[in-house]
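Peer 1: Sequence and predicted model, in that order:
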Amino acid sequence: MGFAGESNPKWRATTILSIRKDGEVFVVGDGQVSFGDMRLKPNAKKVRVIDNGRVITGFAGATADCLTLMERLETRLEQRPGQLMRACVEMAKGWRTDKYLRHLSAMLVVVDKDVSLTLTGNGDVVEPHDGVIGIGSGGAYAVAAARALMDTDLSAKEVAVKAMTIAADMCVYTNHEFVVEGFTKEDIAKSAEAQE
């Protein structure tokens, strides 16, 4: 028998949700890390702001693999300032062709003021059609809840938090210890003024 009564225990962690609505974008992640049927940590921080505050990332998968990919993304962003899509595509190409990276088990949600993307372990870069991205153990629950809330009067942040709350209520690998990062309309307007 393995750890916590399982013969083959698996690391399970995280729900990450991104909502882009009405000129704002928010990324929410829970804090739970589980191994088999045991909760190891309730407050892991899986949503981070990188690239001098211009990009928000959220990750699901093996933590070391996710952090490795985020470091590589930061390097690409330094080479391609302000070009998130291009940096992600270049990183995904490397992910597919590099022997070391091919074995990493991770998914990333990456957003800036203009674009929201999912980077998968297969080297895919996917932009959602509706501004909603969900990854991780409770990703499908969070996406379903968010899509049901998108046509309400709730703000992007409110949709994100409410949908994550629903996901946390349903998914045993997701908790209510949320980290929320985002770009409001004011943040985006300030960024545009600074570039002029």
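Peer 2: Nice, I can see it.
Peer 1: so what's the residue most central in space within the chain closest to, chain neighbours aside?
Peer 2: Nearest to the mean C-alpha position of the chain, by C-alpha atoms, centre = their mean, lies residue 58 at 2.8 Å. Closest residue to residue 58 apart from its sequence neighbours, by C-beta to C-beta, 6 or more residues apart in numbering: residue 16 at 3.6 Å. Heads up, the C-betas are built off the backbone N, CA and C, glycines and all.
Peer 1: Could you look up the SS state of that neighbour?
Peer 2: Classification of residue 16 using DSSP: H, G, I helix; E, B strand; the rest coil returns strand.
Peer 1: ditto for the one 3 residues further on
Peer 2: Using three-state DSSP, the structure places residue 19 in strand.
Peer 1: neighbours around the nearest residue to it once chain neighbours are set aside, how many?
Peer 2: What sits nearest to residue 19 in space, not counting adjacent residues and going by C-beta to C-beta, 6+ apart, is residue 160, at 4.3 Å. Using other C-beta atoms under 10 Å, residue 160 has 29 other residues around it.
Peer 1: What of the one 10 residues further on?
Peer 2: Residue 170: 15 surrounding residues under other C-beta under 10 Å.
Peer 1: The residue nearest to residue 19 contacts residue 26, doesn't it?
Peer 2: Yes: judged on C-beta atoms under 8 Å, residue 160 makes contact with residue 26 at a distance of 4.5 Å.
Peer 1: Can you work out which residues contact both of the two?
Peer 2: 18-19, 180, 182 (C-beta atoms under 8 Å, 6 or more residues apart in numbering).
Peer 1: Thanks a lot, catch you later.
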